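>>> Please find the sequence and the predicted model below.
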Amino acid sequence: EINRALRRMHPEIMAEIISGVASTGGTAVRDGGSDLLTINGEFTVSVVLARCHEMPAGALRWRIRLDTGLVPDITIAIRMDEANEVPLDYYLLPSIDMTLPHLRLGR
């Protein structure tokens, strides 16, 4: 159920990013096939929502799956809060620095 809710949330977050880029004078164009954003015609961005998981000992973890097939220039990883309802924070991950297909974040 949580994954379905996150999938429903994704288009809204994409729209917020596009609007935010436009409000600063830039352009963000979404590719309908790949779901990548092209920012100012210069670089591509992938947006990934990272679901929060509580470990048995109570620690929180987020697994970020990088889409290595699309090879975006930057991945915006959005960590969700403990209830997986709203974004907690955002990470900008340049593809040049990402050497593994999975990234785990903890708090």
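Thanks, I have the structure now. Residues are numbered from 1 along each chain as shown.

>>> Check the gap between the residue nearest to the spatial centre of the chain and residue 24 for me.
By CA atoms, centre = their mean, the mean C-alpha position of the chain lies nearest to residue 48, the distance being 2.4 Å. Going from residue 48 to residue 24 by CB to CB, to the nearest Å gives 22 Å. Glycine gets a C-beta too; all of them are placed from N, C-alpha and C.

>>> mind listing what residue 80 touches?
Taking CB atoms under 8 Å, 6 or more residues apart in numbering, we find residue 80 in contact with 6, 49-52, 62, 86-88.

>>> Just among the residues you listed, which is most surrounded?
Neighbours here mean other CB atoms under 10 Å. Within the contacts of residue 80, the largest count is held by residue 50, at 23 neighbours.

>>> returning to what we had before: just the contacts of residue 80: which are in helices?
residue 6 (DSSP state H).

>>> Can I get the contacts of residue 80 in TSV including pLDDT and distance to residue 32?
Putting the contacts of residue 80 into TSV (pLDDT from 0 to 100; distance: CB to CB, whole Å) gives the following:
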residue	pLDDT	distance to residue 32
6	90	20
49	94	19
50	93	23
51	93	24
52	93	29
62	89	27
86	93	26
87	94	23
88	94	28
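
>>> Now the contacts of residue 80 in TSV, please, with extra columns for distance to residue 79.
Output for the contacts of residue 80, formatted as TSV (distance: CB to CB, whole Å):
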residue	distance to residue 79
6	12
49	9
50	5
51	9
52	7
62	5
86	11
87	7
88	5
